[in-house]
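Asker: Take a look and give me a structure for this.
(one chain, ligands or ions: 1)
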Amino acid sequence: MQSVKRHSGRVAIITGAAIGNGQAFAAQLASEGAQVILADLIEPAETRERIRALGDALEPFIVQVDVTSESATREMAAAAKEKFGRVDILVNNAGLYDEEPFELLSLDAWKRVLDVNLTGLFLSTKAVLPIMKHQGHGRIINLSSDTIWLGTPYLVHYVTSKMGVVGFTRALATEVGKYGITVNAITLGLTATQRPPGTRLSQGNILAHLLPPQAIERAETPEDIAQVVSFLASDESGIITGQTVNVDGGVARH
Ligand SMILES: NC(=O)c1ccc[n+]([C@@H]2O[C@H](COP(=O)([O-])OP(=O)(O)OC[C@H]3O[C@@H](n4cnc5c(N)ncnc54)[C@H](O)[C@@H]3O)[C@@H](O)[C@H]2O)c1
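Answerer: Numbers count the residues shown, from 1 in each chain. Here you go, the predicted model:
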């Protein structure tokens, strides 16, 4: 039997929950009592096993979804509503990271990144919002990136999409506060698990390269960010909305 925990009775959709940060967010919310819905293009078997290994977490519900598809995101929301009757938390985590110098950046690559990182967020939110509005409660958490503060090179398409996430967060928060829904964003730094595509650097080298600019001289982990996600998903953060929390060990100042 489950004991009463911080997110007991809450239903959470986490997009991009199969690996990386999304997996950690799902595990954190599940460990604190939420019924989690793992929404991803790929099979989130590893995340499901990690949650099962917690012992007293609710069995995760899996929905295959491409967040760039309007019909698929609607089906995701409908499946959640049908199975659990509500959706309290939406973590818009699914994202695409792709390095390319601007002069080599193709229109296709530009569109692909904006499509997943921005349109995907729009569609997932659009599908879930009516459920939150109806129940008079909701927490929407959008994953941005500290590259928006740093102006990181070779990522113009990515940085543009992640700045869009902040604009989306601010404007939507103003519209939906009256329904008991908060909308916040997190700008995270490069986490210990990610290797930039195409790099031949080992993890150790990447960290040696990255850590000096951090005020906190240790690698950031998905679990660090999961703590912030959990707070923004909780009742305790109910007066915080339209905000962007920077979680990067103190690289950027915001
Ligand atoms: N890892 C980092 O260092 C870092 C830094 C800053 C911001 N972020 C942001 O955090 C989020 C997660 O990053 P990550 O590194 O864990 O990513 P990841 O690449 O490890 O995982 C992304 C997940 O999203 C899923 N996904 C991709 N496209 C999808 C789609 N169209 N529909 C549904 N699912 C889709 C993938 O299958 C995968 O499971 C992203 O929004 C990313 O931009 C990550």
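
Asker: helices and strands of the chain: which one bottoms out on pLDDT?
Answerer: Ranking every helix and strand in the chain by mean pLDDT, DSSP states H and E puts helix 203-210 at the bottom, with a mean of 62.

Asker: What is the subsequent helix or strand relative to that one?
Answerer: helix 222-232 (DSSP states H and E).

Asker: got the buried residues for that next one?
Answerer: Within helix 222-232, the residues that qualify as buried are 222, 224, 225, 226, 228, 229, 230, 231, 232, counting by 16 or more other C-beta atoms under 10 Å. Using the backbone N, CA and C atoms, a C-beta is placed for each residue, glycine as well.

Asker: of all these, which comes closest to residue 16?
Answerer: Nearest to residue 16 among the buried residues of helix 222-232, counting by C-beta to C-beta, is residue 222 at 11.6 Å.

Asker: Now for that closest one: which residues touch it?
Answerer: 20, 21, 23, 24, 25, 191, 193 (C-beta atoms under 8 Å, 6 or more residues apart in numbering).

Asker: and the helix ranked longest in the chain, does that touch the ligand?
Answerer: In the chain, assigned by DSSP state H, the helix with the most residues is helix 156-176. No. Helix 156-176 is not in contact with the ligand by C-beta under 6 Å from any ligand atom; minimum separation 6.6 Å.

Asker: just to revisit the earlier point, any chance of the buried residues of helix 222-232 in TSV, plus pLDDT and distance to residue 46?
Answerer: Supplementary listing: the buried residues of helix 222-232 in TSV, determined by pLDDT from 0 to 100; distance: C-beta to C-beta, whole Å:
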residue	pLDDT	distance to residue 46
222	97	13
224	97	20
225	98	18
226	98	15
228	98	22
229	98	19
230	98	20
231	98	25
232	98	24
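
Asker: what separates the most centrally placed residue in the chain from the ligand, distance-wise?
Answerer: The centroid of the chain falls nearest to residue 93 when counting by C-alpha atoms, centre = their mean (2.5 Å). Plainly put, residue 93 is 5 Å away from the ligand if you go by C-beta to the nearest ligand atom, to the nearest Å.

Asker: circling back to that earlier point, which members of the contacts of residue 222 are the farthest-apart pair?
Answerer: For the contacts of residue 222, the farthest-apart pair by C-beta to C-beta is 25 and 193; their separation is 13.0 Å.

Asker: more crowded one of the two?
Answerer: Applying other C-beta atoms under 10 Å to residue 25 and residue 193 shows that residue 25 carries more neighbours, namely 31 against 15.

Asker: hang on, the earlier thing: chain center to the longest helix of the chain: distance?
Answerer: Remark: helix 156-176 is offset 13 Å from the chain centroid, using C-alpha atoms, centre = their mean, to the nearest Å.

Asker: Mind giving me the packing neighbours of that helix?
Answerer: Judged by 3 or more C-beta pairs under 8 Å, 6 or more residues apart in numbering; DSSP states H and E, helix 156-176 is in contact with helix 107-114, helix 120-135, strand 138-145, helix 147-150, strand 181-188.

Asker: Can you spell out which helices and strands pack onto the first one?
Answerer: With contacts defined as 3+ C-beta pairs under 8 Å, 6+ apart, the secondary structure elements packing on helix 107-114 are helix 156-176.

Asker: Give the rounded mean pLDDT of the helix it packs on.
Answerer: The pLDDT scores in helix 156-176 average 98.

Asker: So which bits of it are buried?
Answerer: Buried, per 16+ other C-beta under 10 Å, within helix 156-176: 156-159, 161-166, 168-170, 172-173, 176.

Asker: Under the pLDDT cut-off, which ranges of the stretch 1-150 of the chain? List them.
Answerer: 1-2 (pLDDT under 70).

Asker: For it, which segments count as strands?
Answerer: Per DSSP state E, counting those that start in this stretch, the stretch 1-150 of the chain carries strands over the ranges 11-15, 35-40, 61-64, 89-92, 138-145.

Asker: quick one, which of these is nearest to residue 105?
Answerer: Among the strands of the stretch 1-150 of the chain, strand 138-145 comes nearest to residue 105, with 17.1 Å by C-beta to C-beta.
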